[in-house]
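Colleague: Fold the following and give me the result.
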Amino acid sequence: MKRRFALSVGAVVTLLVASHALATDATTRQNDLGAGPIVTHGTTCLVANRTHGGTACPEPPVLTAGDTAEQIANRLERAWFFVDMQDFDKARAETKLALAIDPKDAKARLLSARLALTVGDVAGAEADLAIARKQDPDDPEVRATYAYWLQKRGADLESLREFEAVILKHPQHRFAREQRATLFMRLGRYSDALKDYNFIVEDNPPNSNSLVWRSEAFLALGKPESAVADLSAAIKLEPNAFLLLAARADAYAKAGLGELALRDYDAVLTMNGGTPLYAMFDNDRAKLLAKRANVYENMKRFDDAARDMVTAITLGGVPAILRTQVLLRRSGFSEVPLDGSDSPALRRALAACFGLDVCFQGIMRAI
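Modeller: Sure, this is the predicted structure:
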């Protein structure tokens, strides 16, 4: 029987999606989906202004003349500039100034709500959305943002109904599709989530995020080979994203393709003269080592599995080694010392432990 390690591919996917915020775009607005919280990106102006590399971007001047529409447009332009600079306090201040000029301006009101969601001000978003929904209850961006707000309040079913209403009238609404798929995954409706991800992947230019999300749906449906195909396509788009390799290794392992899983795990865990090729936290490296050990164990390569497990446990320091030694003692390996250090006895016990299901699972939980 194949054993599954506790860290899901979803955890790796989360890290991967977060890492995409480091990509540099001309402006945040360039890839903005128009609803929900604003996804931050490294922008040309942010990089230039923080690193002093290249030409710094000047703050747009305040318009002192012009009609109401022009003054509001100027304030919103300044708000988006501060979004690019990831200074959300100033961005929100600009939207407030825009609304002071005209409280009924729909664009300023929606941006104010979205900025509130971006910084976690759920109450502020609620106040803005209440006004926006009265002004234009059928606006798809307002409804989709309200649906996201409902998620933040834990009202998943109500949120789902709102997203479905938006998609019914606007089937190509990207944000609503993504969020509905997320809700379907959370509710265990994996086939429904897959339909949305299929639509997103097929209706838009190739995007590694959407491919990764769809791969997670395939895994949930027990289709690891399809997940591998999507992750391979994502790797072609981002060949230097090592977390994609880690995710594909997980998918290979779940497909029972141990040698291919090892190839990807090996690439991610490569050491160059004692220095990791890819920088990551020790706990993340330990989890990947334990997952590779799981593959070794399924292939009956117990010595290799023991080596990875010792390395993984050692990354946790003396407490992790002691926990493992205690677990091994309780599993009948009385020769293992309780000293918090690596030893031949510890490695022999670990290799033998992998043949015992209860022992193996206990060691996995010790990582």
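
Colleague: Phi, psi for G42 please.
Modeller: Phi and psi for G42, reported as degrees, to the nearest 10, are phi -70, psi 120.

Colleague: Counting neighbours, what do you get for it?
Modeller: 16 (other Cβ atoms under 10 Å). Using the backbone N, CA and C atoms, a C-beta is placed for each residue, glycine as well.

Colleague: hey, what's it bridged with?
Modeller: T24 (DSSP bridges).

Colleague: Do you know the pLDDT at it?
Modeller: Looking at G42, its pLDDT stands at 79.

Colleague: Quick check: it vs M280, distance?
Modeller: Using Cβ to Cβ, to the nearest Å, G42 is found at 20 Å from M280.

Colleague: How about V122?
Modeller: For V122 relative to M280 (Cβ to Cβ), the value is 32 Å.

Colleague: Compare those two and say which one has the larger neighbour count.
Modeller: A count of neighbours by other Cβ under 10 Å puts M280 above the other of V122 and M280, at 17 against 12.

Colleague: just checking, L99 touches L111?
Modeller: No. Proximity of L99 to L111 does not meet the contact threshold set by Cβ atoms under 8 Å, at 9.5 Å.

Colleague: Need the contact partners of whichever strand or helix holds L150.
Modeller: Taking DSSP states H and E as the definition, L150 sits inside helix 140-152. Residues outside helix 140-152 that contact it (Cβ atoms under 8 Å, 6 or more residues apart in numbering): 34-37, 110, 113-114, 117, 122, 125-126, 129, 132-133, 136-137, 156, 158-160, 162-163, 165-166, 169-170, 173, 175-176, 179, 183.

Colleague: Could you rerun that using 7 Å?
Modeller: 34-36, 110, 113-114, 117, 122, 125-126, 129, 132-133, 136, 158-159, 162-163, 165-166, 169-170, 173, 175-176, 179 (Cβ atoms under 7 Å, 6 or more residues apart in numbering).

Colleague: And stretch 276-292, by the same measure?
Modeller: Contacts for stretch 276-292 (Cβ under 7 Å, 6+ apart): 5, 7, 242, 246, 250, 262, 265, 268-271, 308-309, 311-312, 315-316, 364, 367.

Colleague: Give the buried residues for that stretch.
Modeller: For stretch 276-292, the buried set under the neighbour-count rule, 16 or more other Cβ atoms under 10 Å, comprises Y278, M280, D284, R285, A286, K287, L288, L289, A290, K291, R292.

Colleague: Pull out the CA atoms of it and give them to me as CSV.
Modeller: Output of stretch 276-292 as CSV, limited to C-alpha atoms (Å, rounded to 0.1, in the frame of the first residue of the first chain):
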residue,chain,number,x,y,z
PRO,A,276,21.7,24.2,-1.3
LEU,A,277,21.2,25.1,-5.0
TYR,A,278,17.8,26.5,-4.1
ALA,A,279,17.3,28.6,-0.9
MET,A,280,14.5,27.5,1.3
PHE,A,281,13.7,27.3,5.0
ASP,A,282,15.1,24.3,6.9
ASN,A,283,11.6,23.0,7.7
ASP,A,284,10.6,23.1,4.0
ARG,A,285,13.8,21.3,3.1
ALA,A,286,13.1,18.7,5.8
LYS,A,287,9.6,18.1,4.5
LEU,A,288,10.9,17.6,0.9
LEU,A,289,13.6,15.2,2.2
ALA,A,290,10.9,13.2,4.1
LYS,A,291,8.8,13.0,0.9
ARG,A,292,11.8,11.8,-1.1
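
Colleague: Contacts only, for R329.
Modeller: V336.

Colleague: Now with 10 Å, please.
Modeller: Contacts for R329 were tallied using Cβ atoms under 10 Å, 6 or more residues apart in numbering; they are E335, V336, P337, L338, A349.

Colleague: quick one, what contacts the third one?
Modeller: Taking Cβ under 10 Å, 6+ apart, we find P337 in contact with Q325, R329, S343, A345, L346.

Colleague: Can you verify my assumption that L350 contacts Y296?
Modeller: No. Taking contacts as Cβ atoms under 10 Å, L350 lies outside contact range of Y296: 11.2 Å.
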